[in-house]
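Undergrad: sequence below, structure please.
(one chain, ligands or ions: 2)
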Amino acid sequence: MTKQASQQSCEGRVALLTGITGQDGSYLTEQLLEKGYIVHGMVRRSSSFNRARIEHLYLDPAIGGERLFLHYGDLTDSSNLNRLLEKVGPDEIYNLGAQSHVKVSFEVPEYTAEVDGIGTLRFLDAIKEVGLKEKVRFYQASTSELYGKVQDVPQTEATPFYPRSPYGVAKLYGFWIIVNYREAYGIHACNGILFNHESPRRGEAFVTRKITQMVARIRYGLAETVQLGNLDAKRDWGYAPEFTEGMWRILQQDQPDDYVLATNETHTVREFAEEAFRHAGLPLHWEGKGADEVGRDAEGKVRVAIDPAYYRPSEVDLLIGDYGKARKELGWEPQTTFAELVRIMTEADLEQVRNSLP
Ligand code: NAP
Ligand code: GDD
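TA: Numbering: from 1, shown residues only. Ligands and ions are numbered 1, 2, ... in the order given. Here you go, the predicted model:
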């Protein structure tokens with residue numbers, strides 16, 4: 001589909017997003033506005049401002065209050081979801097809102113289930129209740145965490161699930177309730193099974209961004225060492241804006257279906273750290289084993305150390321996705337290589353720290 005064709009066909013269509021203040025929500029909002037959509041986003045009340053990722057859009061007088069509208073809400077509040085649907089009457093819904101941190105889900109398992117699992121059901125049921133089931137298309141942010149203790153390498157849409165965290169189990173409920181409401185009520189509901197995707201807008205508690213932020217601070221003398229957990233975990237890391245474009249493509253299909261979006265490449269956390277430090281001019285060499293392993297720079301200074309507090313009660317050791325179905329049916333293909341992704345993220349954090357220096 002050409003960009004011009006997609007813009008023409010989408011002019012004036014209405015999208016409703018949960019998770020609009022998150023990494024993916026911010027990129028998807030930019031892309032939908034670019035395609036001509038009117039975008040409504042659910043935001044949570046917070047005691048401190050949490051809209052930095054979409055501020056540039058909202059503060060633009062041609063966009064904020066004209067083509068982009070924000071509404072208070074929460075995936076734990078059914079009456080709010082009903083009201084929002086009645087008020088907005090969306091053509092497309094992107095359910096990106098979630099307690100999205102895997103390690104944190106072990107600390108707040110019940111809340112994670114409420115938001116990531118039952119929240120999806122609340123939304124689907126509200127669509128049915130307000131009479132939008134014939135009209136609306138629904139995208140669910142499913143995840144490669146569903147594969148957990150992987151049963152196949154690489155993972156495809158046909159690979160059995162084996163989640164390894166309260167987050168993964170909550171998202172498993174979300175995945176299947178989408179399939180069930182599609183089959184039972186004919187709702188055009190789709191799962192995007194997305195493998196890890198990163199960017200300079202990635203939350204600071206996820207490992208890639210934690211590393212690139214700390215590399216920048218270390219490079220400018222503001223920190224000494226980054227403390228990490230399991231360096232051996234392998235992830236299939238892609239570039240977030242390409243994945244949000246894939247979400248939109250999933251909803252443009254005539255028949256609702258579920259798709260893997262991935263890069264079909266996997267790297268360890270150790271490799272990500274090595275590449276980021278190398279890019280900042282601080283190549284590392286490794287010494288020791290397990291919790292005693294350290295990464296030293298050329299001068300012998302410890303730049304990476306292990307803090308077992310970051311280990312997870314149960315770990316997902318290896319993720320690598322086969323996106324063949326998305327390539328064939330959606331014409332979707334990732335463009336950004338692993339080295340390029342690390343470069344983009346490290347450069348962005350180096351620049352941010354440089355600009356903050358007196
Ligand atoms: P993120 O940056 O952590 O953003 C999560 C968003 O959800 C934020 O806008 C957050 O609002 C909102 N949220 C949290 N709890 C909520 C609640 N109770 N009610 C309504 N909204 C709530 O996550 P992301 O990386 O953009 O990921 C987007 C979605 O894709 C998530 O569902 C995630 O689980 C899923 N996913 C992500 C990846 C990935 O690699 N990024 C891969 C597969 C699936 P606040 O700003 O107020 O906290
Ligand atoms: N967060 C974090 N912090 N992870 C660390 C650290 C650390 O200091 N050290 C090592 N890791 C390891 C984790 O144990 C995990 O194996 C890997 O780095 C990636 O962790 P995260 O970046 O937190 O992401 P995730 O893979 O657990 O989850 C992300 O991707 C999922 C898709 O597979 C999140 O975005 C989920 O929402 C998403 O569903």
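Undergrad: make it CA atoms for all contacts and neighbour counts henceforth
TA: Will do.
Undergrad: kindly report the residues of this structure close to ligand 2.
TA: Within reach of ligand 2 by CA under 6 Å from any ligand atom, the chain has these residues: 100-102, 143-145, 195-196, 205-208, 228-231, 233, 269, 310-312, 316.
Undergrad: buried ones among the residues you listed?
TA: 100, 102, 143-145, 195-196, 207-208, 228-231, 233, 269, 312, 316 (16 or more other CA atoms under 10 Å).
Undergrad: check the residues you listed against ligand 1, which are close?
TA: Within those, those near ligand 1 by CA under 6 Å from any ligand atom are 100, 143, 195-196.
Undergrad: a markdown table for those, including pLDDT and secondary structure?
TA: Formatted as a markdown table, these follow (pLDDT from 0 to 100; DSSP: H, G, I helix; E, B strand; the rest coil):
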| residue | pLDDT | secondary structure |
| --- | --- | --- |
| 100 | 98 | coil |
| 143 | 99 | strand |
| 195 | 99 | coil |
| 196 | 99 | coil |
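Undergrad: quick check: residue 190 is in a helix.
TA: No. Counting by DSSP: H, G, I helix; E, B strand; the rest coil, residue 190 is located in no helix; its state is strand.
Undergrad: tell me how far the closest residue to residue 121 other than its chain neighbours lies from ligand 2.
TA: Leaving aside its sequence neighbours, residue 121 sits nearest to residue 177 (CA to CA, 6 or more residues apart in numbering; 6.5 Å). Going from residue 177 to ligand 2 by CA to the nearest ligand atom, to the nearest Å gives 17 Å.
Undergrad: residue 177 belongs to a helix?
TA: Yes. According to three-state DSSP, residue 177 belongs to a helix.
Undergrad: counting neighbours, what do you get for it?
TA: 18 (other CA atoms under 10 Å).
Undergrad: measure how buried residue 170 is and give me the count.
TA: Every residue meeting other CA under 10 Å relative to residue 170 is counted, giving 26.
Undergrad: quick check: which element contains it?
TA: helix 166-185 (DSSP states H and E).
Undergrad: so which bits of that helix are buried?
TA: Applying 16+ other CA under 10 Å to helix 166-185 flags 166-175, 177-179, 181-182 as buried.
Undergrad: those: which two are farthest apart?
TA: For the buried residues of helix 166-185, with distances taken as CA to CA, the pair at the greatest spread is 166 and 182 (24.5 Å).
Undergrad: for the nearest residue in space to residue 43 that is not next to it in sequence, give its distance to residue 111.
TA: Nearest residue to residue 43, sequence neighbours excluded (CA to CA, 6+ apart): residue 72, at 4.9 Å. Distance, residue 72 to residue 111, by CA to CA, to the nearest Å: 19 Å.
Undergrad: now do residue 210
TA: If you go by CA to CA, the gap between residue 210 and residue 111 works out to 24 Å.
Undergrad: try residue 297
TA: For residue 297, the distance to residue 111 - CA to CA - is 41 Å.
Undergrad: again, but for residue 102
TA: Taken as CA to CA, the span from residue 102 to residue 111 is 13 Å.
Undergrad: try residue 200
TA: Computed as CA to CA, the residue 200 to residue 111 distance reads 28 Å.
Undergrad: which one's more surrounded, those two?
TA: Per other CA under 10 Å, whichever of residue 200 and residue 111 has more neighbours is residue 200, with 21 against 17.
Undergrad: excluding sequence neighbours, find me the nearest residue to that one.
TA: Per CA to CA, 6+ apart, closest to residue 200 is residue 345, 5.0 Å.
Undergrad: cool, and residue 209?
TA: residue 202 (6.0 Å).
Undergrad: my read: that neighbour touches residue 26, true?
TA: No. The pair residue 202 / residue 26 is not scored as a contact, 10.6 Å apart, by CA atoms under 8 Å.
Undergrad: which one of these two has more residues nearby?
TA: residue 26 (23 against 19).
Undergrad: can you tell me the helix or strand for that one?
TA: helix 23-34.
Undergrad: and for residue 227?
TA: Going by DSSP H and E, residue 227 is part of strand 226-228.
Undergrad: in the stretch 101-250 of the chain, which residue sits closest to ligand 1?
TA: In the stretch 101-250 of the chain, the residue that lies nearest ligand 1 is residue 196 (3.3 Å; CA to the nearest ligand atom).
Undergrad: isn't that residue right up against residue 235?
TA: Yes. Applying CA under 8 Å, one finds residue 196 in contact with residue 235, separated by 7.0 Å.
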